[in-house]
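S.K.: Give me a model of this one.
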Amino acid sequence: MQQIQEYREQMKQKQYTKEELIRYLQNRRAELGKRPTRKDVPEDIKAEIKRVFGKWCYGLEESGLIKPSAAALKRRAARAEKWRRVHAKRRALGKQEKDPEER
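M.R.: Predicted coordinates:
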């Protein structure tokens, strides 16, 4: 019994990769025969999905289980354009770009 509790604690503390979470969501869909809802996923996995993807729906989108809405695509395009302008201005001012790995 003690070993089972220790194993559960280890699994709760595990940090999943993006690929593992995508595979988990796709497998969960195959098991359920429908797109998984938050209720269909254990709390520790839900927390990891939020940590890795930011939102539940982004995890479903990355897994190919739903298509992003037109509004979401528009917001992402606007955000990307904003950051392109910021980086262009930084380059014009001669400021060094931060390494994305440092963020």
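
S.K.: Report the residue spans of the protein with pLDDT below the cut-off.
M.R.: Within the chain, the stretches with pLDDT under 70 are 1-13, 96-103.

S.K.: What ranges does it have for its helices?
M.R.: With helices called from DSSP state H, the chain shows them at 2-13, 18-32, 43-53, 56-62, 70-92.

S.K.: Report the buried residues of the third one.
M.R.: The reference is to helix 43-53. Across helix 43-53, burial judged by 16 or more other CB atoms under 10 Å covers 45, 48-49, 52-53. Heads up, the C-betas are built off the backbone N, CA and C, glycines and all.

S.K.: For that helix, which helices and strands make contact with it?
M.R.: Where contact means 3 or more CB pairs under 8 Å, 6 or more residues apart in numbering; DSSP states H and E, helix 43-53 is packed against helix 18-32, helix 56-62.

S.K.: Keeping just the C-alphas, turn stretch 53-66 into CSV.
M.R.: What follows is stretch 53-66 as a C-alpha-only set of coordinates in CSV (Å, rounded to 0.1, in the frame of the first residue of the first chain):
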residue,chain,number,x,y,z
PHE,A,53,-0.3,25.0,-23.1
GLY,A,54,-1.7,27.9,-21.1
LYS,A,55,-5.4,26.9,-21.5
TRP,A,56,-7.3,23.7,-21.8
CYS,A,57,-8.6,24.6,-25.3
TYR,A,58,-5.0,25.2,-26.5
GLY,A,59,-4.1,21.7,-25.5
LEU,A,60,-7.0,20.3,-27.4
GLU,A,61,-6.0,22.4,-30.5
GLU,A,62,-2.4,21.2,-30.3
SER,A,63,-3.7,17.6,-30.1
GLY,A,64,-5.8,18.1,-33.2
LEU,A,65,-9.0,17.4,-31.3
ILE,A,66,-10.6,20.8,-32.0
